[in-house]
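**Q** Sequence plus predicted model, see below.
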Amino acid sequence: MNKSYFTCMVAAGLGVMTMVTAATAAVSINQLQGELKAGQYANVVKEVNAALPQSSPALAAALYMIKGEALAGEKKFASAALAYLRVPFCYPHAFAAPEALLRAAQIEARQLKDPAAATRILQQLVRTYPRTVQALKAKHLLGTVRK
């Protein structure tokens, strides 16, 4: 994911927060994104875990996406999939929920070699978020995962 995706995700989900808080959240996301690019995965996970308790739901969803990416970077794929799955199940209206399901399914299929779990997640994505780009990708992936 690129920096602009997370900035948009935070901006879209922070409607209730003040502009000062939104700017601070965007800076935090940008900082974490930079640490991800630098390969500082353990530090990112630590910072995300520290920030989650006082985060708004929209920011928490963004933080779980970052945590999933960091855990995948550490090759902790089962934990990464769980971090991604927290987004749609705890924050179903979050902007990142469809992407989180797609990433979890990809990890299940590719790294964890569990096509049944991947299929269930992809089907959930198509059912829950049918009008998203991720649902279109999921429909395509469903044909390849089952084979």
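**A** Looks like it came in fine.
**Q** If I follow the layout properly, residue 28 ends up in contact with residue 52?
**A** No: using CB atoms under 8 Å, residue 28 is not in contact with residue 52, being 11.7 Å away. Yep, even glycine has a C-beta here, placed from its N, CA and C like the rest.
**Q** more crowded one of those two?
**A** Set residue 28 next to residue 52 and count neighbours by other CB atoms under 10 Å: residue 28 wins out with 19 against 14.
**Q** measure the more buried one to residue 141 for me?
**A** Distance, residue 28 to residue 141, by CB to CB, to the nearest Å: 32 Å.
**Q** swap in residue 49?
**A** Noted for residue 49: a distance of 30 Å to residue 141, by CB to CB.
**Q** Of those two, which one has the most company?
**A** Under the neighbour definition other CB under 10 Å, residue 49 and residue 141 were set side by side, and residue 141 has more, 21 against 11.
**Q** element containing residue 130, please.
**A** Secondary structure assignment for residue 130, by DSSP states H and E: no helix or strand.
**Q** which ones are touching residue 48?
**A** 32, 63-64, 66-67, 70 (CB atoms under 8 Å, 6 or more residues apart in numbering).
**Q** three-state assignment of it?
**A** For residue 48, the assignment made with DSSP: H, G, I helix; E, B strand; the rest coil gives helix.
**Q** which strands and helices sit next to the strand or helix carrying residue 143?
**A** Remark: residue 143 resides in helix 133-145, with elements defined by DSSP H and E. When contacts are defined as 3 or more CB pairs under 8 Å, 6 or more residues apart in numbering; DSSP states H and E, helix 133-145 packs onto helix 97-110, helix 115-128.
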